[in-house]
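Enquirer: Curious how this folds, go ahead:
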Amino acid sequence: QVQLVESGGGLVQAGGSLRLSCAPSGRTLIRYPMGWFRQAPGKEREFVARINWSGGITDYADSVKGRFTISRDNAKNTMYLQMNSLKPEDTAVYYCAAATGWDKPQTWSPDYWGQGTQVTVSS
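Expert: From the prediction side, this is the model:
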């Protein structure tokens, strides 16, 4: 059973930065595409970013392009989400995910999920 553990969430002022980390426990996922989703209160969970197993291909939601950067360090079995120029509308629970497939971002459906980490951006 794969467990994904997120860390790095917190409270930050608008314009600030945070870096989220995600590491699996129980097994390595260096051959799996991984990504981030988020869910704001009262809204559906939405895709944020994803990265293929080698780190050579990334996709981003339009709302975070140019502000967020996804990366991974397979030697450390860890994925990251660097979030800059944060806005109040980025406030959400952020979920780490890993998948066995690589579909279009709009229909990509990961197989494994973390418990989520809260990101709150104050205005």
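Enquirer: C-alpha only now, for contacts and for neighbours.
Expert: Noted.
Enquirer: Spit out the contact partners of the nearest residue to Lys87 once chain neighbours are set aside.
Expert: Excluding the flanking residues, the one nearest Lys87 by Cα to Cα, 6 or more residues apart in numbering is Ala14, at 5.0 Å. Ala14 is in contact with 85-88, 121-123, counting by Cα atoms under 8 Å, 6 or more residues apart in numbering.
Enquirer: quick one, phi psi at Ala14?
Expert: Here the main-chain torsion angles of Ala14 (degrees, to the nearest 10) amount to phi -50, psi 140.
Enquirer: thinking again about what came up before, when you filter the contacts of Ala14 down to buried only, what's left?
Expert: 86-87, 121-122 (16 or more other Cα atoms under 10 Å).
Enquirer: Okay, strands next: where are they in this structure?
Expert: 3-7, 10-13, 18-25, 34-39, 46-51, 58-60, 68-73, 78-83, 92-98, 112-113, 117-122 (DSSP state E).
Enquirer: what's the spacing between the closest residue to Arg67 other than its chain neighbours and Ile70?
Expert: Excluding its sequence neighbours, the residue lying closest to Arg67 (Cα to Cα, 6+ apart) is Asn84, at 5.2 Å. Noted for Asn84: a distance of 12 Å to Ile70, by Cα to Cα, to the nearest Å.
Enquirer: got it, and Ile51?
Expert: 7 Å.
Enquirer: Show me the common contact partners of those two, please.
Expert: With Cα under 8 Å, 6+ apart as the test, Ile51 and Ile70 both reach 35, 58.
Enquirer: re earlier: out of the strands of the chain, which gets nearest to Gln106?
Expert: strand 46-51 (7.5 Å; Cα to Cα).
Enquirer: and the closest one, how far out from the chain's middle?
Expert: On the basis of Cα atoms, centre = their mean, to the nearest Å, strand 46-51 is displaced by 6 Å from the centre of the chain it belongs to.
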